[in-house]
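# Below are the sequence and a predicted model; questions follow.
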Amino acid sequence: MKLIDIYSNSNKTSISFEIFPPKDDLTGNNLEKLFSEVEKLQQYNPSLISVTYGAGGSNKEKSYNIVKGLTENNITVMPHFTCVCSKKEQIDEYLEQLKALHIENILALRGDEPKDISVCYLDFRYANDLVKYLNEKTDFCIAVAGYPEGHIAAPDLITDIKNLKNKISAGGCVIYTQMFFDNEKLYKYKELLEQENIDVPVVAGILPIRSYTQLDRMLSMAKVTLPDKLMNKLEKYKDNNDDIKKIGVDFASEQCQELIDNGIAGLHFYTLNKSDSVSKILDNISY
Ligand code: FAD
């Protein structure tokens, strides 16, 4: 099913999940574990599952194998696809592989730049270049990334939104947001998008917090703020992961229910390849 159809019903909030290629471990059965987690999540009838893709195609093969495995199980997939440090020929080659799987949707991204950008092939400088190329060369429904508090490298939120508008003008039809924890920031962001005449569906990126150190690492790489009340609770229980997971589930359940009640088009869960927290959240909310 195409993104445009998934998000066409404004009275319904769609549920979707992000997974990533797991690191190899000594047992070598990480992919099996991942597919078993996906199977548990399938009971919530997600509209799609998205699969991350490393900047510069670093985990291309693993990402492709997961996308293939999901399509073989008749699951709607949205592969992520990055263009930084990739040559046009490499991009063409991967697109052909995806087309052969009858993929309908794609999340077009720049990817994080390496420190030394001069080592990169710059056929595509920003995600909007990739969106334009995909729009001309393929029939994919193209999603793009949005940042409710601004992208970490953008000088300010308004400049970032103007850059986002280029991605939409080039053919982006849905915005998937970076994680955020303050719904007011998302509502304000949607208002600013409206003022820029960006009227495509906005899908909220939800991170169920599972570990203090993991969250801390993620926050250091993004412009995302935590409400003081949540931060204080996490600080208090930071050494006990079970407590942190419970706080994460309780917080995300409230956050998601409020977003649904305010008519959000979709909730996209950053599952971190685990089904337990996401399942609890979905059991707690009505959608
Ligand atoms: P862009 O839209 O190109 O924006 C990047 C920066 O450049 C922004 O600061 C923007 O304001 C600025 N910019 C854009 N156009 C211009 C211009 N013309 N002139 C000057 N500045 C400009 N990363 C991965 O490696 N793999 C993944 O699978 C992945 N999945 C993601 C999924 C989601 C939902 C999100 C939100 C992010 C994901 N990322 C992923 C991270 C993403 O690749 C990084 O945040 C990256 O730094 C920016 O990607 P982008 O597509 O938003 O880039």
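Structure received.
# Quick check, residue 47 in contact with residue 12.
No - using C-beta atoms under 8 Å, residue 47 is not in contact with residue 12, being 9.6 Å away. To be clear about C-beta, it is placed using only N, CA and C from the backbone, and glycine gets the same treatment.
# backbone phi and psi for residue 44, please?
phi -90, psi 10 (degrees, to the nearest 10).
# residue contacts, it?
15, 278-279, 282 (C-beta atoms under 8 Å, 6 or more residues apart in numbering).
# change it to 6 Å
Applying C-beta atoms under 6 Å, 6 or more residues apart in numbering, we find residue 44 in contact with 15, 282.
# What separation do you get for it and residue 267?
Look at residue 44 and residue 267: by C-beta to C-beta, to the nearest Å, they are 11 Å apart.
# can you list residues touching both of the two?
residue 15.
# Name the helix or strand for the nearest residue to residue 35 once chain neighbours are set aside, please.
Distances taken as C-beta to C-beta, 6 or more residues apart in numbering put residue 69 closest to residue 35, at 6.5 Å, once the chain neighbours are dropped. Per DSSP states H and E, residue 69 falls inside helix 60-72.
# Assign residue 145 to helix, strand or coil.
Three-state call for residue 145 (DSSP: H, G, I helix; E, B strand; the rest coil): strand.
# Please work out how many residues are found near it.
19 (other C-beta atoms under 10 Å).
# cool, and the one 4 residues further on?
Per other C-beta under 10 Å, the neighbour tally for residue 149 reads 22.
# swap in residue 247?
19.
# Can you list the buried residues in the host helix or strand of it?
Secondary structure from DSSP H and E places residue 247 in helix 241-261. By 16 or more other C-beta atoms under 10 Å, the buried positions in helix 241-261 come out as 244-245, 247-249, 251-253, 255-256, 259-260.
# more crowded one of residue 47 and residue 12?
Each of residue 47 and residue 12 has its neighbours counted (other C-beta under 10 Å); residue 47 has more, 21 against 15.
# Strands along the stretch 101-250 of the chain, start to end?
105-109, 141-146, 172-179, 202-206 (DSSP state E, counting those that start in this stretch).
# Could I get the ones you listed in TSV, plus columns for mean pLDDT and distance to the ligand?
Output for the strands of the stretch 101-250 of the chain, formatted as TSV (pLDDT from 0 to 100; distance: least, C-beta to the nearest ligand atom, whole Å):
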stretch	mean pLDDT	distance to the ligand
strand 105-109	98	4
strand 141-146	98	3
strand 172-179	98	4
strand 202-206	98	5
